[in-house]
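A.B. asks: requesting a structural model of the entry that follows:
(one chain, ligands or ions: 1)
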Amino acid sequence: MSHLASKFSRRRKTLIGYLTVGYPDPETTLRAARVLGNAGCDIIELGIPFSDPIGDGQVIQTASHRALMNGITPAACLEMAARLRQETDLPLVFMSYYNPVLSYGVGRFCRDCQSAGVNGLIIPDLPPEESGELGAAAAACGVDLVFLLAPTSTADRIAAVCQKSSGFIYLTSVAGITGARDGVPGYLPQFAATVRREARHPLAVGFGISSPAQARAIAEFADGVIIGSRLLQMIEADFSLNRLGEFVSSVRDALDT
Ligand SMILES: O=P(O)(O)OC[C@@H](O)[C@@H](O)c1c[nH]c2ccccc12
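C.D. replies: Numbers count the residues shown, from 1 in each chain. Predicted coordinates:
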């Protein structure tokens, strides 16, 4: 079992926190990652900033833009991961659109992920039927490749993702973009149940989770929850990161009760 998958094998629900690397600056990303670990995240998702983040809402778009202005490249993200790896054992997962990976070089990227201690990749714009090259390169380096499913995914897409995804499967709560939302869509338990019938891997739900109560409700039918935009808003609101830590602890508590 991979290091990533092992974080789902325990009794508690898995909490994944997302940070855009280099937002608002690289030092804050490092401090925020430490806060996430100390406050109870099980996995840290690091977003590689990209100029055309088609799956992202306004908060992460702005964060990506700011990070790019700070000169953050895929190489800088790999360096950041390597630094984090020296101080934490938590799985690190990169979220990147496919374009930066392609321009870096698929094989080189996977090898460098392995050396940096990155455990998995989430590539939202890479459909399973086009993932042959990256899938092979990642597997050769022991890096999991996590695919996404949306509530609108067809039966064929669900089957393909269940077959190809490793580590876990990322279910988006809406067929839309990232960004904090209220409530839990009514179709979500059924969507998760449909995927679970075919899945060989744990299911984590992301997109729109912004409160402990939402996380708790989703944990009734999913193995993990992913929170991004809300964390970036907390960082923006309080650079001391106290609010970030308090928020993540409150989500952890909600998941544990
Ligand atoms: O921001 P949200 O709504 O909490 O969603 C998680 C998300 O941030 C993270 O997993 C992510 C950031 N950018 C993405 C692009 C596509 C898929 C997923 C992501």
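
A.B. asks: tell me if stretch 39-51 is near the ligand.
C.D. replies: Yes. Among the residues of stretch 39-51, 45, 47 lie within reach of the ligand under C-beta under 6 Å from any ligand atom. Just so you know, the C-beta spots here come from the backbone N, C-alpha and C atoms, and that holds for glycine as well.

A.B. asks: what is the rounded mean pLDDT of that stretch?
C.D. replies: Throughout stretch 39-51, pLDDT has a mean value of 98.

A.B. asks: chain center to that stretch: distance?
C.D. replies: 6 Å (C-alpha atoms, centre = their mean, to the nearest Å).

A.B. asks: any buried residues in it, and which?
C.D. replies: By neighbour count on 16 or more other C-beta atoms under 10 Å, the buried set for stretch 39-51 is 39-50.

A.B. asks: columns secondary structure on top of these, output as JSON lines?
C.D. replies: Output for those, formatted as JSON lines (DSSP: H, G, I helix; E, B strand; the rest coil):
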{"residue": "Ala39", "secondary structure": "helix"}
{"residue": "Gly40", "secondary structure": "coil"}
{"residue": "Cys41", "secondary structure": "coil"}
{"residue": "Asp42", "secondary structure": "coil"}
{"residue": "Ile43", "secondary structure": "strand"}
{"residue": "Ile44", "secondary structure": "strand"}
{"residue": "Glu45", "secondary structure": "strand"}
{"residue": "Leu46", "secondary structure": "strand"}
{"residue": "Gly47", "secondary structure": "strand"}
{"residue": "Ile48", "secondary structure": "coil"}
{"residue": "Pro49", "secondary structure": "coil"}
{"residue": "Phe50", "secondary structure": "coil"}
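
A.B. asks: for Phe221, which three-state class applies?
C.D. replies: Of the three states, Phe221 takes coil under three-state DSSP.

A.B. asks: ok, it - contacts?
C.D. replies: Contact analysis of Phe221 by C-beta atoms under 8 Å, 6 or more residues apart in numbering lists 188-189, 192-193.

A.B. asks: how about stretch 4-14 and the ligand, touching?
C.D. replies: No. Stretch 4-14 does not reach the ligand (C-beta under 6 Å from any ligand atom); its nearest approach is 13.2 Å.

A.B. asks: how far is that stretch from where the chain is centred?
C.D. replies: In terms of C-alpha atoms, centre = their mean, the centre of stretch 4-14 is set 15 Å apart from its chain centre.

A.B. asks: for that stretch, measure first residue to last.
C.D. replies: In stretch 4-14, first residue to last residue: 10 Å (C-alpha to C-alpha, to the nearest Å).

A.B. asks: ok, stretch 86-101 next?
C.D. replies: One end of stretch 86-101 to the other measures 24 Å (C-alpha to C-alpha).

A.B. asks: got the residues of this structure near the ligand?
C.D. replies: Counting by C-beta under 6 Å from any ligand atom, the chain comes close to the ligand at 18, 45, 47, 55-56, 60, 95, 124, 178-179, 206-209, 226-230.

A.B. asks: in helices, which of the residues you listed appear?
C.D. replies: Judged by DSSP state H, the residues of the chain next to the ligand include 60, 229-230 as members of helices.

A.B. asks: tell me the contacts of the residue in the chain positioned nearest to the ligand?
C.D. replies: At 2.0 Å from the ligand, Gly228 is the closest residue in the chain, using C-beta to the nearest ligand atom. Listed by C-beta under 8 Å, 6+ apart, the contact partners of Gly228 are 17-19, 45, 47, 60, 178, 206.
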